[in-house]
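Colleague: Task: produce atomic coordinates for the following.
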Amino acid sequence: MSSRDVFIVSNSTDELGGVTGWMHRTAQLFQQRGHRVHTVGIHAAELKMALPDPPGYPVTALYPAHPPTPWAPRGLRDRFRITARRNEAARVAEKRRAVDRLSEVFRTARPGGVVIVSQVWAMEWVSEADTTGLRVIGMSHESYAYSRAGHRYRWIKRHYTGLDRWLVLTEEDADTWAGDGMNNVGFLPNALAALPDVPSPRCEKSVASIGRLSDQKGIDMLLDAWALVAPQRPDWHLDVYGAGEDEADLRARCTGLGLDGSVRWRGRTDDVPGALAASSVFVQSSRGEGFPLALMEAMASGVPCAAFDCAPGVREIVRDGEDGLLAPAGDIGALADRLLRLTGSPRLRDAMGARARVNVQRFSEAEIMSRWEELFAFLER
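Modeller: This is a model prediction of the structure:
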């Protein structure tokens with residue numbers, strides 16, 4: 001196995017979220033295998049996560065804050081707005097400087113270097129940078145259906161068709177993208193972080209949700225589902241871990257549903273294993289996902305999961321009825337039913353939690369890193 005220069009480029013290197021966590025853990029794993037790693041974010045984040053201390057590899061942000069969006073004049077009169085034209089000229093010049101800086105980072109690579117672009121938006125800068133002599137791998141951490149429903153689909157079609165490899169997280173999504181004309185597509189799941197030494201005792205009457213408080217994570221739907229569960233489980237609590245732009249609205253929704261006595265807002269946490277150890281059930285209510293790390297972490301802790309079947313990655317991780325329970329995407333009543341089943345049966349929780357801890361180990365870091373090495377060797381031929 002030869003040592004390589006590996007650049008991992010994301011929207012941000014310090015934004016609170018699963019992709020940022022994936023970026024830094026993957027960087028550490030590559031470094032442990034002897035590769036020289038450099039992580040790059042397009043911008044520094046406002047809502048930050050704790051980075052490895054020290055990270056042990058360079059961490060670069062091209063902008064100190066989120067760059068402005070491009071200006072598109074609407075009609076003839078709009079074209080003569082001097083201030084807007086000056087601001088757009090300044091944005092273009094700043095982007096050129098950011099791209100030049102990224103090119104300088106890439107030029108430090110030895111032969112055989114690889115650029116991994118973990119998020120679609122970041123590819124806009126990479127596609128304009130000088131990647132001469134480098135293999136470029138694009139990734140998406142969301143499902144085909146979620147990309148197809150939004151603007152990222154157009155970006156993928158524009159920027160990803162000519163890459164050395166385009167990676168999604170499941171074989172099902174890879175087949176779907178191939179059928180949509182992406183002939184360079186492959187799949188590689190996220191890796192499971194270290195297995196906790198001791199699983200959760202599953203003795204606390206707590207259901208945990210861990211994720212950003214944003215529309216994608218569907219906490220509004222979770223609250224609606226919990227409103228059906230709480231009257232039948234008055235001694236249980238829903239513990240919501242996370243922070244985000246929708247927090248105020250979600251707290252107001254919680255109050256309106258009369259749930260303030262059974263929902264605990266825990267805020268963001270850097271101790272996910274501790275949060276899971278204090279829980280007996282994990283719930284994921286997302287509208288869309290890729291290959292959710294929080295779901296795998298819960299299973300590794302022996303915590304049985306109830307989740308919306310919102311993406312191939314979810315049903316790849318959870319074997320419905322064996323090591324967790326899935327509900328049709330967006331079906332609030334069905335999610336409430338799964339939560340009632342898990343909260344109502346210690347025997348079911350113990351059986352599914354034990355199987356989850358064993359089954360999820362098929363996504364071990366050693367296995368996923370071996371597949372990365374095989375991909376690097378294949379692209380070098």
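Colleague: Sort out which residues of the lengthiest helix in the chain are buried, please.
Modeller: Taking DSSP state H as the criterion, the chain has its longest helix at helix 82-106. Within helix 82-106, the residues scored as buried using 16 or more other Cβ atoms under 10 Å are 88, 95, 98-99, 101-103, 105-106. (Each C-beta comes from the backbone N, C-alpha and C, glycine too.)
Colleague: just stretch 254-263 next, same as before
Modeller: 254, 259, 262-263.
Colleague: hmm, back to that, just checking, what packs against the longest helix of the chain?
Modeller: If you count contacts as 3 or more Cβ pairs under 8 Å, 6 or more residues apart in numbering; DSSP states H and E, helix 82-106 packs onto strand 5-12, strand 36-43, strand 59-63, helix 123-126.
Colleague: Check which element follows it along the chain.
Modeller: Downstream of helix 82-106, the first helix or strand assigned by DSSP states H and E is strand 114-117.
Colleague: pLDDT of that following strand, averaged?
Modeller: Mean per-residue pLDDT for strand 114-117: 98.
Colleague: other SSEs contacting that strand?
Modeller: Using 3+ Cβ pairs under 8 Å, 6+ apart, the elements in contact with strand 114-117 are strand 5-12, helix 123-126, strand 135-139.
Colleague: Generate CSV for these, with mean neighbour count, mean pLDDT and distance to residue 267 as supplementary columns.
Modeller: Listed next are the helices and strands packed on strand 114-117 as CSV, based on neighbours: other Cβ atoms under 10 Å; pLDDT from 0 to 100; distance: least, Cβ to Cβ, whole Å:
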stretch, mean neighbour count, mean pLDDT, distance to residue 267
strand 5-12, 24, 96, 20
helix 123-126, 21, 96, 32
strand 135-139, 24, 97, 29
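Colleague: Tabulate the ones you listed in CSV, adding columns for distance to residue 29.
Modeller: Output for the helices and strands packed on strand 114-117, formatted as CSV (distance: least, Cβ to Cβ, whole Å):
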stretch, distance to residue 29
strand 5-12, 10
helix 123-126, 22
strand 135-139, 15
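Colleague: closest one to residue 218 among these?
Modeller: Taking Cβ to Cβ, strand 5-12 is the member of those nearest to residue 218, at 21.0 Å.
Colleague: Could you list the low-pLDDT ranges of this structure?
Modeller: The model of the chain has pLDDT under 70 over residues 1, 47, 49, 75-80.
Colleague: would you list every one of the strands in the stretch 251-381 of the chain?
Modeller: For the stretch 251-381 of the chain, the strands defined by DSSP state E, counting those that start in this stretch cover 263-267, 281-284, 305-309, 324-328.
Colleague: What of the stretch 101-250 of the chain?
Modeller: For the stretch 101-250 of the chain, the strands defined by DSSP E, counting those that start in this stretch cover 114-117, 135-139, 165-168, 185-187, 206-210, 237-241.
Colleague: For the fifth one, C-alpha coordinates in CSV please.
Modeller: What follows is strand 206-210 as a C-alpha-only set of coordinates in CSV (Å, rounded to 0.1, in the frame of the first residue of the first chain):
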residue,chain,number,x,y,z
SER,A,206,-35.8,7.6,27.2
VAL,A,207,-36.2,7.8,23.4
ALA,A,208,-33.3,9.7,21.8
SER,A,209,-33.2,11.8,18.7
ILE,A,210,-29.8,13.1,17.6
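Colleague: Not counting its own residues, what contacts that strand?
Modeller: By Cβ atoms under 8 Å, 6 or more residues apart in numbering, the list of residues contacting strand 206-210 from outside reads 219, 222, 226, 236-242, 269, 272, 275-276, 278-285, 294, 297-298, 303, 339, 343.
Colleague: do the same with the second one
Modeller: Contacts made with strand 135-139 from outside it, assessed by Cβ under 8 Å, 6+ apart, are listed as 113-120, 123, 126, 156, 159-160, 163-168, 375-376, 379-380.
Colleague: Many thanks, we can stop here.
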